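Asks: I would like the atomic coordinates for the input below:
(4 chains)
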2 protein chains.
Amino acid sequence: MQTKIAQYRKERKITQEELADAVNVTRQTIISLESGKYKASLVLAHKIAQFFQVTIEEMFIFDKEEENL
Amino acid sequence: MQTKIAQYRKERKITQEELADAVNVTRQTIISLESGKYKASLVLAHKIAQFFQVTIEEMFIFDKEEENL
DNA sequence: AATTCATGTATAGCTTGCTTTACAATTTTA
DNA sequence: TAAAATTGTAAAGCAAGCTATACATGAATT
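Replies: As a prediction, this is how the structure comes out:
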């Protein structure tokens, strides 16, 4: 899974810490998500997408093993 | 968090087992999601939403503690 | 009434998301 | 260039998602 978190964050000139605070997780969590170390939970994904005013599907890009069809 | 999994599943006359097989988890997992025992992972949420041809946001309803605003 | 199908409960165990802390490296700014 | 801000790495530990298995209940069909 890839995410556009870093991209959107930089576009809007928001630091990892600001984002972390906004969605109520630690900076470590943001770093790990951005670097692909692990995947966000559904609720966190929702919070992040909402913060950037986009849908979850727009923010997180699933790859083929993660699809059904 | 609430989900429309059971609702959509019944509407389309799909059994828990069929859904479980379709998204590659056990029936237990579907039961637990439907009964609110725990929340789906992002990838599983995506698979389920995709199976029913809806967005994640349409399938999963977040409550206020899970929002930012 | 007996069988079958769909749903539900319970539990032990593995994996992974997330936290916390501490420290290192890189970039920015004064 | 020195200080400050931002990003990164590492590791131990807790909590939660998910599996696997086994058994119970209820509805539907014959």
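
Asks: what number of residues lie near the residue in chain A positioned nearest to DNA strand C?
Replies: DNA strand C sits closest to A:Tyr38 of chain A, with a gap of 2.4 Å, by Cβ to the nearest atom of the strand. Any C-beta I mention is one placed from the backbone N, CA and C, and that applies to glycine too. Per other Cβ atoms under 10 Å in any protein chain shown, the neighbour tally for A:Tyr38 reads 10.

Asks: Looks like it contacts A:Ser32 (just checking).
Replies: Yes: using Cβ atoms under 8 Å, A:Tyr38 is in contact with A:Ser32, at 5.6 Å.

Asks: how about the residues of chain A near DNA strand D?
Replies: A:9-10, A:15-17, A:27-28, A:31, A:34-35, A:41 (Cβ under 7 Å from any atom of the strand).

Asks: Swap in 10 Å and give it another go.
Replies: A:6, A:9-10, A:13-20, A:26-32, A:34-35, A:37-39, A:41-43 (Cβ under 10 Å from any atom of the strand).

Asks: how about the lengthiest helix in chain A, does it reach chain B?
Replies: Counting by DSSP state H, the longest helix found in chain A is helix A:42-51. Yes: using Cβ under 8 Å from any Cβ of the partner chain as the criterion, contacts between helix A:42-51 and chain B involve A:42-43, A:45-47, A:50-51.
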